[in-house]
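A.B. asks: next one to model:
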Amino acid sequence: MPWRLLYENKIIINKQKPMKENIFDVLMYLFENYMEDEIEILPDSDVVRTELMEAGFEQLEVNKAFDWLESLSLQRAIKPSASPVFRIFCSQEIDALDIECRNLIMFLEHNGILSAANREIVIDRAMALENEEISMEKLKWIVLMVLLSQPDEEIAFSRMEDLVYELIPTYLH
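C.D. replies: I've put the predicted structure just below:
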């Protein structure tokens, strides 16, 4: 089955097997094919897992991607803080998220796209990608997936979607 992936400003159409086999690629495939409307509406997970393996993804990576999504769905219980919060990144986060990524997170929070609670979920989900190199583009997609999973975040999701698809400038005044 062919699949399409918009990632790092490129559309990749592959009629065979995907060239990359990592958790993020599986997540992107799921996002593009199943989750654009609502993250909870994944059809029968066994069917989707079979489809992913037929598309060329390894079972281990597919399982890790489903675990990542399950952990994301459990994050809904985080309640936002009423008081302003100052965030200091720990050394592991600094190692995983370069200065551009950390600045993007702070920019998104400052501009009302991420709440403090959603910021923490984004950082948690980025860190959960273990040995993945987190680029700005990957981080933008992680933010999109997090916002899609959170109730009442349609406006923030729409604004972030514009940033991902570069429909508006990154820096707003």
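A.B. asks: all contacts plus neighbour counts: C-alpha atoms, from now on.
C.D. replies: Will do.
A.B. asks: surely Gln75 and Ile121 touch.
C.D. replies: Yes. If you go by C-alpha atoms under 8 Å, Gln75 and Ile121 touch, sitting 6.9 Å apart.
A.B. asks: can you list the neighbours in contact with stretch 105-114?
C.D. replies: Ser115, Ala116, Arg119, Ala156, Phe157, Arg159, Met160 (C-alpha atoms under 8 Å, 6 or more residues apart in numbering).
A.B. asks: flag every buried residue along it.
C.D. replies: Within stretch 105-114, the residues that count as buried by 16 or more other C-alpha atoms under 10 Å are Ile105, Met106, Phe107, Leu108, Glu109, Ile113, Leu114.
A.B. asks: quick one: list the elements packing against the helix or strand encompassing Asp124.
C.D. replies: If you go by DSSP states H and E, Asp124 is part of helix 116-127. Counting by 3 or more C-alpha pairs under 8 Å, 6 or more residues apart in numbering; DSSP states H and E, the packing neighbours recorded for helix 116-127 are helix 59-74, helix 91-96, helix 99-110, helix 136-149.
A.B. asks: let me have these in a markdown table, extended by distance to Met28 and mean pLDDT.
C.D. replies: Output for the helices and strands packed on helix 116-127, formatted as a markdown table (distance: least, C-alpha to C-alpha, whole Å; pLDDT from 0 to 100):
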| stretch | distance to Met28 | mean pLDDT |
| --- | --- | --- |
| helix 59-74 | 10 | 87 |
| helix 91-96 | 19 | 95 |
| helix 99-110 | 19 | 96 |
| helix 136-149 | 8 | 93 |
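A.B. asks: and of those, who's closest to Phe31?
C.D. replies: helix 136-149 (7.5 Å; C-alpha to C-alpha).
A.B. asks: just the angle for the closest one relative to helix 59-74, thanks.
C.D. replies: 50 degrees (axes from the mean of the first three to the mean of the last three C-alpha atoms, to 10 degrees).
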